[in-house]
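**Student:** Pasting the sequence and the predicted model now:
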Amino acid sequence: MVAAYAVGLLMANMAVQIMHMGQPALLYLVPCCLGTMVYMGWRRNELSELWDISKVIRSADNTLYGDYYSSGPSTMATSHDRHAPLPQDDDE
């Protein structure tokens, strides 16, 4: 991905030099990065996993909150103890 970003940035700079006017860099960066990501996913037969948003969310949740899905819903009642406490109302 770093190489794709570098190629996109090089293309953007070349366009500025050729046209002698500013160019939107994202016009070159997005197709290079997104195209590389899609091509690599297709080449590795992981393209369907690339679009599986539930897997991405589970992975992010595991990173942030621990492995809830392997331990089951019994930990749901105590999972809030691992996070910052909620502010208490002064009226109570």
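**Tutor:** Sure, I can see it.

**Student:** For the most centrally placed residue in the chain, give me the pLDDT.
**Tutor:** Centroid check for the chain by Cα atoms, centre = their mean gives residue 56 as the closest residue, at 8.4 Å. pLDDT, residue 56: 75.

**Student:** Relative to residue 65, how far out is it?
**Tutor:** 15 Å (Cβ to Cβ, to the nearest Å). Backbone N, C-alpha and C define where each C-beta goes, glycine included.

**Student:** repeat for residue 26
**Tutor:** 33 Å.

**Student:** where do the helices sit along the chain?
**Tutor:** 2-19, 26-43, 47-50, 53-65, 68-71 (DSSP state H).

**Student:** how much does the second one deviate in direction from helix 2-19?
**Tutor:** Going back to what we said before, that points to helix 26-43. 150 degrees (axes from the mean of the first three to the mean of the last three Cα atoms, to 10 degrees).

**Student:** can you pull the buried residues of helix 26-43?
**Tutor:** Neighbour counts over helix 26-43 (16 or more other Cβ atoms under 10 Å) mark 28, 29, 32, 33, 36 as buried.

**Student:** can I get these in JSON lines with pLDDT and distance to residue 51?
**Tutor:** Shown next, in JSON lines, are the buried residues of helix 26-43 (pLDDT from 0 to 100; distance: Cβ to Cβ, whole Å):
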{"residue": "28", "pLDDT": "90", "distance to residue 51": "24"}
{"residue": "29", "pLDDT": "93", "distance to residue 51": "21"}
{"residue": "32", "pLDDT": "94", "distance to residue 51": "20"}
{"residue": "33", "pLDDT": "93", "distance to residue 51": "16"}
{"residue": "36", "pLDDT": "93", "distance to residue 51": "16"}
